[in-house]
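K.L.:
Just to be clear, the model below is a prediction. Sequence and coordinates:
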Amino acid sequence: MKVIMNTAFIKTLEDVEKFLSQTLGLEPGWESKDECYHWVEQTLSHFKYRSLGKKDKGLIRRYLMIASGYSRAQITRLIRQYITCASVKRRQCTSSGFQTRFTKADIRLLVETDRLHCDLNGVAIKKICERAYQQGDQRYERLSTISVSHLYNLRHSTTYERIRRHKDSTRATQRAIGIRRRPEPQGRPGFIRVDTVHQGDKDGVKGLYHINAVDEVTQYEVVCSVEQISERYLVPVLAGLLAGFPFKLEEFHSDNGSEYINHTVAKLLNKLNIQLSKSRSRHCTDNALVESKNGSVIRKQLGHAHIPQHYAEQFNRFDGDHLTPYLNYHRPCFYPEIKTDKRGKEKKVYRYENMMTPYEKFLSLMEPEQYLKEGITLKQLEEKATFMTDNEAARQLQLAREALFKSVYERPAEAQVITPILRLISGLE
């Protein structure tokens, strides 16, 4: 229940403080604006507002706001008027404004006409309004004289949009393939992030593609190369990539590219009982792990230069024989340690003690045998890891990479002589 407030008993600043502490549920009781303005002027004069300190001025300001019901901005304007003119007078707006030619009834009639004729252009609707008035419909008397430009103004008016609102928003393409979410491995291996790295264009010709897959927990990484990312080339290589992981795979996460989000890949993953997920909109960190590996591994090892597509098979052999074993058994990685502060904010800390190879990280998990695929044992993984030292594996990797790039960019002496001759002959023909 609201009670009308009474300000007649307030004479001192102490009375104002007491009033402000007991105004819950009260509302102003002024009969007119003129009466309220007159009371504001008397109050400012009674408390000698000009001579008050900053604290007392704020007290009087709050008192005026509550007792009058006006906003802070309005009270500020009234106080400024009092300080400038020594009075508070209400100025009544007397201008009648512009006379509108087309009434709300005309706008409603325009809405009805547009609906009947399925939103024809403005010129056609103007002609229809003229014809309707000529045929005896007196409702179109004013609309028959409207200009085409003002007809569009009426279509954008508040009255028109209230009656007939159009909403044509962009509709996102809906694909029922994959779950849009971030993987949550909870310390278990088998949740891999996948991305594609293109090896450049040259003279309008596409280069080959690298498929990079990284496990989120152990950072176990498998790299493959493919000539094109169409289904014909990608699916066989993708099956070999999935087989390259020694542990069972639970989830396959990629961005929203069509090379992975399609029915063929979904069928392959469903056959292997692997769940397919994709990145969420405006969440650039969903696939950040494999994106960072693209730069620190793929680009560092294989560069940015154009590599022709027909070398994909040679690069794929290089990936399986040298690059992938080196990355997983001989190249140390940082692993984050999550710290939570007093406010509950999580922060990743990368300690030197937590640096190890993906194979060592897998061994550090509790009972790693339970995650291994059928037919793979820890002894087999240990033999791969101890078959050669880190430096020996790196040296073999460098030699194999050097020989591979030499075969790509350095042509035999016979080809260097024959090719210009062939071009000359073809030009003569």
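P.N.:
Noted; the coordinates are in hand.
K.L.:
Nearest residue to the middle of this protein?
P.N.:
For the chain, Arg282 is the residue whose C-alpha lies nearest the centre (C-alpha atoms, centre = their mean; 1.7 Å).
K.L.:
what about that residue, distance to Glu14?
P.N.:
Noted for Arg282: a distance of 56 Å to Glu14, by C-beta to C-beta, to the nearest Å. Where C-beta positions appear, they are placed from N, C-alpha and C, glycine not excepted.
K.L.:
for Leu120, same thing?
P.N.:
Taken as C-beta to C-beta, the span from Leu120 to Glu14 is 73 Å.
K.L.:
Please enumerate the strands of the chain.
P.N.:
In the chain, the strands defined using DSSP state E lie at 3-4, 26-27, 179-180, 191-198, 201-202, 205-206, 209-215, 221-226, 251-254, 275-278, 337-340, 346-349.
K.L.:
Dump the ones you listed to a markdown table, plus distance to Glu410, mean neighbour count and mean pLDDT.
P.N.:
Below are those laid out as a markdown table (distance: least, C-beta to C-beta, whole Å; neighbours: other C-beta atoms under 10 Å; pLDDT from 0 to 100):
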| stretch | distance to Glu410 | mean neighbour count | mean pLDDT |
| --- | --- | --- | --- |
| strand 3-4 | 96 | 10 | 46 |
| strand 26-27 | 91 | 14 | 60 |
| strand 179-180 | 46 | 12 | 84 |
| strand 191-198 | 23 | 21 | 92 |
| strand 201-202 | 16 | 11 | 86 |
| strand 205-206 | 19 | 13 | 86 |
| strand 209-215 | 22 | 25 | 94 |
| strand 221-226 | 20 | 25 | 94 |
| strand 251-254 | 36 | 24 | 92 |
| strand 275-278 | 41 | 18 | 90 |
| strand 337-340 | 46 | 10 | 87 |
| strand 346-349 | 44 | 10 | 86 |
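K.L.:
per-domain residue ranges of this protein.
P.N.:
Annotated domains of the chain cover 13-85, 104-164, 191-409 [the TED database].
K.L.:
Take the ones you listed and lay them out in TSV including distance to Ala176.
P.N.:
Listed next are the domains of the chain as TSV, based on distance: least, C-beta to C-beta, whole Å:
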stretch	distance to Ala176
domain 13-85	52
domain 104-164	33
domain 191-409	10
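K.L.:
Nearest to Arg182, out of those domains?
P.N.:
Nearest to Arg182 among those is domain 191-409; the distance by C-beta to C-beta comes to 5.0 Å.
K.L.:
ok, Pro185 - how many residues close by?
P.N.:
Neighbour count of Pro185, defined by other C-beta atoms under 10 Å: 15.
K.L.:
Find the residue closest to it in space, skipping its chain neighbours.
P.N.:
Setting aside the residues directly before and after it, Pro185 is nearest to Phe191 in space (C-beta to C-beta, 6 or more residues apart in numbering), at 4.0 Å.
K.L.:
what is the one you found paired to in the beta sheet?
P.N.:
Glu251 (DSSP bridges).
K.L.:
Tell me which residues touch it, please.
P.N.:
By C-beta atoms under 8 Å, 6 or more residues apart in numbering, the residues touching Phe191 are 183-185, 215-217, 249-251, 253.
K.L.:
Widest-spaced pair of these?
P.N.:
Farthest apart among these by C-beta to C-beta are Glu184 and Leu249. That separation is 15.1 Å.
K.L.:
Neighbour count for the two, which is higher?
P.N.:
Leu249 (21 against 10).
K.L.:
For that one, give me the pLDDT.
P.N.:
The per-residue pLDDT reported for Leu249 equals 93.
K.L.:
Confirm for me that it is in contact with Val194.
P.N.:
No: using C-beta atoms under 8 Å as the test, Leu249 is too far from Val194 to be in contact (10.8 Å).
K.L.:
How many residues are close by Glu402?
P.N.:
Glu402 has 10 neighbours, counted by other C-beta under 10 Å.
K.L.:
for Val290, same thing?
P.N.:
25.
K.L.:
That one contacts Pro183, correct?
P.N.:
No: counting by C-beta under 8 Å, Val290 does not reach Pro183; the two are 11.3 Å apart.
K.L.:
which residues do these two both contact?
P.N.:
Common neighbours of Val290 and Pro183, counting by C-beta under 8 Å, 6+ apart, are Arg193.
K.L.:
Settle this for me: Gly207 is touching Ile307, isn't it.
P.N.:
Yes: using C-beta under 8 Å, Gly207 is in contact with Ile307, at 5.0 Å.
K.L.:
ok, the two, which is more surrounded?
P.N.:
Neighbour tally, Gly207 and Ile307, criterion other C-beta under 10 Å: the higher count belongs to Ile307, 25 against 19.
K.L.:
Where does pLDDT dip in the stretch 101-250 of the chain?
P.N.:
165-175 (pLDDT under 70).
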